[in-house]
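J.: Kindly generate the corresponding structure for this input.
(one chain, ligands or ions: 2)
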Amino acid sequence: MERVVLVTGASSGVGLALCRRLLEEDGRIHLCIACRNVQKSEATRDLILATHPAARVSTVEVDLGNLVSVLRVARELRCRFQRLDFVYLNAGIMPNPHVNFKALWHGLLTGKVLHMLTTAEGIMTQTDRLNGDGLQEVFATNLFGHFILVRQLECLLCGNEKPSRLIWTSSSNARESAFSLSDYQHAKGQESYSSSKYATDLTSVVLNRKFNKQGLYSSVVCPGLVMSNMTYRILPVFLWKLLMPIMWLIRFFAKTYTLTPYNGAEAHVWLFKQKPEHLDALVKYHSCTSGLGKSYVEPRKVNGAAAFCCRGLG
Ligand SMILES: NC(=O)C1=CN([C@@H]2O[C@H](COP(=O)(O)OP(=O)(O)OC[C@H]3O[C@@H](n4cnc5c(N)ncnc54)[C@H](OP(=O)(O)O)[C@@H]3O)[C@@H](O)[C@H]2O)C=CC1
Ligand SMILES: CC(C)=CCC[C@@H](C)[C@H]1CC[C@H]2C3=C(CC[C@]12C)[C@@]1(C)CCC(=O)[C@@H](C)[C@@H]1CC3
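T.: Ligands and ions are numbered 1, 2, ... in the order given. Below you'll find the predicted structure:
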């Protein structure tokens, strides 16, 4: 039976590399790519078919930051498919990023620089805004749109012969201290990206609690630092090009400097091959690349997730 795999944010970066890598793993899957509009869907399908001409690739359009669009695409998917085996919830944004180089310099003096270079803790802020639905844009796009999609697709994901899987692209920038239940959309702070990714980690834990019995399993991954449209919006492209040799060097000390979308998709592809019953719901799977360019996956506990469960909030 062919497996049906849905990937959001398939038009570029980690999502596009993931689509290609999944087809390398199993050329018989039915890959459904979700992009923002028809032009992007068709261009992405052409790119994938150029390297995998025999692949079965279909397209759907969704703006995850627009609830009407999410409900519409869920309806369309329910009509088109009888079940979904894998859903990669990968689309994401980081609008108006700002890097505090002074803090990075201070980190160098206080010995925290490696932690800062891998998590961006204390050196990155964003300016968020309200979207058309009256929700904070980062929360809505990175988490809530995806969450509503999952809930709307329950009939395709639960109670199937084999377990179905949700795989969320989170981040090592996810931080417990950036998230607050009383301001879960992060309207008040300037770390909306970090908050949305931490909320994603917790959502995955809670989804496992609720749905494992019905054969649906959820995992979170971090692709590491990847050069993609998202990172190219943080600094000017010429600066990234200048920094590139330094980043190759940093990779000898910081294994999460995966740098290419292909390497960044390592954990996503690894999870595709694992039995979900053997995975730990409180772990985030990190794509890593050694200084010599070898890719591998490292599991790390999600900070605070166990405590969150114990408090009974899940
Ligand atoms: N790059 C990095 O270093 C890291 C990235 N990540 C995460 O990886 C994921 C992929 O990002 P990456 O590949 O780096 O960046 P890209 O910007 O290349 O990819 C983001 C994807 O999300 C899509 N997207 C954005 N907004 C929406 C929306 N409203 N509705 C539908 N699709 C949307 C984009 O579509 P479009 O082409 O239309 O804009 C694009 O396909 C994100 O969740 C990001 O947070 C996590 C850790 C590190
Ligand atoms: C690499 C050097 C020498 C300088 C670049 C400084 C920053 C622009 C850079 C350092 C750490 C990076 C980082 C991210 C973006 C770019 C940095 C702040 C992320 C926040 C990108 C998105 C993610 O999800 C995180 C995992 C990244 C964490 C590290």
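J.: what's the distance between residue 171 and ligand 2?
T.: Distance of residue 171 to ligand 2, given as Cβ to the nearest ligand atom, to the nearest Å: 3 Å. Where you see a C-beta, it was placed from the backbone N, CA and C, and this is true even at glycine.
J.: quick one, what contacts that residue?
T.: Residues near residue 171 by Cβ atoms under 8 Å, 6 or more residues apart in numbering: 193-194, 197, 222.
J.: again, only using 10 Å
T.: 92, 94, 119-120, 142, 193-194, 196-198, 200-201, 220-225, 284, 286 (Cβ atoms under 10 Å, 6 or more residues apart in numbering).
J.: And for residue 190?
T.: The contact partners of residue 190, taken as Cβ under 10 Å, 6+ apart, are 96, 98, 124-128, 178.
J.: Of these, which are in range of ligand 2?
T.: The subset of the contacts of residue 190 within reach of ligand 2, by Cβ under 6 Å from any ligand atom, is residue 124.
J.: Just the buried subset of the contacts of residue 190, please.
T.: 124-126, 128, 178 (16 or more other Cβ atoms under 10 Å).
J.: would you list the residues you listed in JSON lines and tack on secondary structure?
T.: Shown next, in JSON lines, are the buried ones among the contacts of residue 190 (DSSP: H, G, I helix; E, B strand; the rest coil):
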{"residue": "124", "secondary structure": "strand"}
{"residue": "125", "secondary structure": "strand"}
{"residue": "126", "secondary structure": "strand"}
{"residue": "128", "secondary structure": "coil"}
{"residue": "178", "secondary structure": "helix"}
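J.: which ones among the residues you listed come in contact with ligand 1?
T.: Okay, of the buried ones among the contacts of residue 190, nothing touches ligand 1 (Cβ under 6 Å from any ligand atom).
J.: so which two of those residues are the farthest from each other?
T.: Largest separation among the buried ones among the contacts of residue 190 by Cβ to Cβ: 124 and 128, giving 13.0 Å.
J.: Mind listing the shared neighbours of the two?
T.: 94, 190-191, 193.
J.: next structured bit after the longest helix along the chain?
T.: In the chain, with assignment by DSSP state H, the single longest helix is helix 192-211. Downstream of helix 192-211, the first helix or strand assigned by DSSP states H and E is strand 216-222.
J.: export that following strand as CSV, just CAs?
T.: In CSV, the C-alpha atoms belonging to strand 216-222 read as follows (Å, rounded to 0.1, in the frame of the first residue of the first chain):
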residue,chain,number,x,y,z
LEU,A,216,-1.3,8.8,16.0
TYR,A,217,2.3,9.8,17.1
SER,A,218,3.9,13.2,17.1
SER,A,219,7.6,14.2,17.1
VAL,A,220,9.6,17.4,17.0
VAL,A,221,12.9,18.0,15.2
CYS,A,222,15.4,20.8,14.8
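J.: Can you tell me which helices and strands it packs against?
T.: For strand 216-222, the elements it packs on are strand 86-89, helix 154-157, strand 164-169, helix 192-211, helix 266-272, strand 283-289, strand 295-301, judged by 3 or more Cβ pairs under 10 Å, 6 or more residues apart in numbering; DSSP states H and E.
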